[in-house]
Every structure is written in C-alpha cells, then in structure tokens.
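**Q** below are the sequence and a predicted model; questions follow.
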Amino acid sequence: MLRLPPFRLHQPDTLDEALAILAGEGPAARVVAGGTDLWPNLKRRHQKAAHVVSLAGVGALRGLRANGDLAIGAMETLADVERHPAVRSRFPALGEAVASISSPPLRNLGTLGGNLCLDTRCTYYDQNEEWRRAIHYCMKAEGKICWVAPSSPRCWAVQSADSAPMLLALGARVALASPEGEREIPAEALYRDDGIDYLTKRPGEIVTRVVLPRGSDATACRSGFFKLRRRGSIDFGVLSVAVALWLEGDIVADAKIVLGAVASFPSPATDAAAELVGRPLTEETLRAAAAKTRAAATPMDNTDLDPRWRGQVTPVHVERTLRRAAGL
C-alpha cells in the first residue's frame, strides 16, 4: 500500500485565511480541493508538500449562481455540476464533459476547480516512485530526460482535464484570488504548452470560480463533446473533442474546436474552426473542417493506445462531434 508522506494539514474557514497560509508557507504548501489528484500524486512522490491547505471548509468557493452568466464555485463537486438544472439546460455539452470524468464516486469528491488544475499525465510519470527510480526518473519528476522524446529539451506530458476543452470552447472565464486581490482571465489563458509548468496560475493564487457567458448558452450556441478512452468509465481520455458553434440564420458566425489529451494544454484547432465560419452547416463543410484537425493533433507515445491510430481517428471523431452539435 502506498502511504502519504508526512505533512501539516491546514483547514481554513475563509478564503482570506487560506490565502494567508499559502503566502506564509510559500512553495512548501499545496492546495487540495477534492484530493482525487493530489493525494495519489503525493503517495507516488510525484509532488511534495510540507503543508497542505484544504479548501473543503471555505463556503465562499461553493455555489452556482445564474444571473445572465453562470458562475460556478471552484469547490462545487463534479457530480453537482453535472446534475445542476442550469448546466443541463443552458450548457448541456459541459454537463456531458463533466459526466465523462472518472467514475461516480470520484465525481462526488472531485471539484470543478480541481479538474481545471489537474496535473499533466504521462506513461513514464504516472508510476510509483520505485518504478521511476529504476529508469532514472523523467524530466517531470527529478530526472533530466523526457523518455517520450529523449532528445527534446521539454516535457511532453499531456493535459487530460475533461472539463477544460469544453470550457475553452464556450469562452469561459476563470477567477483567481491572491492576497493582492482577484483577477479574471479567459480559461484558455490558464494553460501553457508545457508538461511541467502547465498552469499560468501564480504562486499563492487560488481558483475561486468559473464563469460561463450568457452568449454561449443553448439559446445562442450549439455545442458538443466527445471523449475517447479504452473503457467507458474511470479511464483518462486519449482524445477529447469540444465544439461550440454560433449561427446567424443558417450560416456559422463563429466556431471553436478544442482538442484535449493530445498535448500539454487544451489545443484549439483554429484552422478547422475557421473553415466553418461564413459557411452553412452541411456535411461537406463539417467534413472539410474536421480534416484540418489532423494537423492540430500530434499524439505521442505517452498515454494509452497507439499514438498513430489516435492521430488518424481525430478527424473522424471531430466530424462526428460537429455533426451532433449541428443536429445532423
């Protein structure tokens, strides 16, 4: 049995208290929301922490508030987000994306904010400490080599947070708090294409809420989500597709296609989306747009299933997701 390392657990009641602890302890402290990612990472010694700050008692980080936009507290559980009437009716593809995460018991623990900050994954990284030591570790954890691409100067671990591609496609915003105050950024600005330093979140910041704009709900936008994985539950995805389409009459006024689990960040397929703009939603248009996603997907041998096959099926699943969003 893998055991947690020793650390001091802090259980603040307010956001200000949590921020003050983080500021005081500095890099030795980590934040935990539902714990479905951090606890396994600590057990496998992927991450270290002398102090862990639990957000479970911070009531200000909970709740869903619909006032034009839909604001979701970062500590809302994935199960509650999935089941909430406002999500189901206004942002159904987000509900579908959240419902695809892991399994029901873990969705009852995991939170939306925690899923957004999910650690990147890799076959050579997601092992216990003894296994990783036997191959002299990897670049992401104590080593100097990326075993996926040994000549590469960077880490290629992939971002597999299922909520992230859909939130990016819908134009969501993320609020972050620090002792200096709060700032709100586009969800896409939360990520960078780096398997190690994959979040732009500053040290000491806490994700407080996710805001979905009114202009992306079901009255204005057609959306769709798909997740490819070996089994129908539990498994992390090896490809996810998030689609959002805004129409003016029969013509596409704007479109976003975001791919997950194929790179170190949720990858916008901008050329494919641009192929749709100004055109009607026909089978030919969707097929032409989907074909352009092959260049946007460069899967590597660092997750489940063959990377060449994953690249080949990407346009197929993008086309299917576009067809569902378009009602074809």
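**A** Thanks, I have the structure now. Residues are numbered from 1 along each chain as shown.
**Q** and the helices in this structure, which stretches?
**A** 15-25, 38-43, 78-83, 85-90, 92-99, 104-107, 112-116, 129-134, 163-169, 270-276, 283-291, 307-326 (DSSP state H).
**Q** and the ones you listed as CSV, adding distance to residue 199, mean pLDDT and mean neighbour count?
**A** For every residue, glycine as well, the C-beta is placed using N, CA and C. Converted to CSV, the helices of the chain look like this (distance: least, C-beta to C-beta, whole Å; pLDDT from 0 to 100; neighbours: other C-beta atoms under 10 Å):
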stretch, distance to residue 199, mean pLDDT, mean neighbour count
helix 15-25, 15, 97, 17
helix 38-43, 14, 94, 18
helix 78-83, 19, 97, 21
helix 85-90, 24, 97, 16
helix 92-99, 19, 98, 23
helix 104-107, 21, 95, 16
helix 112-116, 9, 98, 26
helix 129-134, 22, 92, 14
helix 163-169, 11, 98, 30
helix 270-276, 22, 96, 20
helix 283-291, 30, 96, 18
helix 307-326, 24, 94, 19
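**Q** make TSV out of these and add distance to residue 298.
**A** Compiled in TSV, the helices of the chain are given as follows (distance: least, C-beta to C-beta, whole Å):
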stretch	distance to residue 298
helix 15-25	36
helix 38-43	26
helix 78-83	29
helix 85-90	32
helix 92-99	22
helix 104-107	29
helix 112-116	23
helix 129-134	25
helix 163-169	16
helix 270-276	14
helix 283-291	16
helix 307-326	7
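**Q** what's the closest of these to residue 219?
**A** helix 85-90 (7.7 Å; C-beta to C-beta).
**Q** which strands and helices lie in contact with the closest one?
**A** When contacts are defined as 3 or more C-beta pairs under 8 Å, 6 or more residues apart in numbering; DSSP states H and E, helix 85-90 sits against strand 64-67, strand 69-73, helix 92-99.
**Q** tell me the domain boundaries of this protein?
**A** As assigned by automatic domain parsing, the chain contains the domains 1-58, 59-117+158-215, 217-326.
**Q** can you give me the end-to-end distance of the second one?
**A** So the one you mean is domain 59-117+158-215. One end of domain 59-117+158-215 to the other measures 28 Å (C-alpha to C-alpha, to the nearest Å).
**Q** same check, this time on the first one
**A** Between the opening and closing residues of domain 1-58 we find a distance of 31 Å, counting by C-alpha to C-alpha.
**Q** swap in stretch 73-83?
**A** End-to-end for stretch 73-83, by C-alpha to C-alpha: 15 Å.
**Q** contact partners of that stretch?
**A** 33-34, 55-56, 58, 60-64, 72, 87, 94-95, 98-99, 101, 104, 106-116, 163, 206-210 (C-beta atoms under 8 Å, 6 or more residues apart in numbering).
**Q** for the helices of the chain, which one sits closest to residue 180?
**A** helix 15-25 (9.5 Å).
**Q** please work out which residues outside the closest one touch it.
**A** 10, 12, 29, 31, 50-51, 53, 55, 58, 60-61, 177-179, 204, 206, 208.
**Q** for PyMOL, what selects the buried ones among these?
**A** In PyMOL, a selection of the buried entries from those looks like this (16 or more other C-beta atoms under 10 Å):
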select buried, resi 10+12+29+31+51+53+55+58+60+61+177+178+204+206+208
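**Q** so for residue 1, which of the helices of the chain sits nearest?
**A** helix 38-43 (8.9 Å).
**Q** elements contacting that closest one?
**A** In terms of contacts (3+ C-beta pairs under 8 Å, 6+ apart), helix 38-43 is packed against strand 29-32.
**Q** residues in contact with the strand it packs on?
**A** Against strand 29-32 from outside (C-beta under 8 Å, 6+ apart): 10, 18, 21-22, 38-39, 47, 49-55, 206.
**Q** distance between stretch 129-146 and the chain's centre?
**A** 25 Å (C-alpha atoms, centre = their mean, to the nearest Å).
**Q** got a list of what residue 129 touches?
**A** Here residue 129 is in contact with 44, 45 (C-beta under 8 Å, 6+ apart).
**Q** how close does it sit to residue 38?
**A** 16 Å (C-beta to C-beta, to the nearest Å).
**Q** quick check: phi and psi at the residue lying farthest from the centre of the chain.
**A** Note on the chain: the largest C-alpha distance from the chain mean falls to residue 249, namely 32.0 Å (C-alpha atoms, centre = their mean). Torsion angles at residue 249 (phi, psi; degrees, to the nearest 10) stand at phi 70, psi -120.
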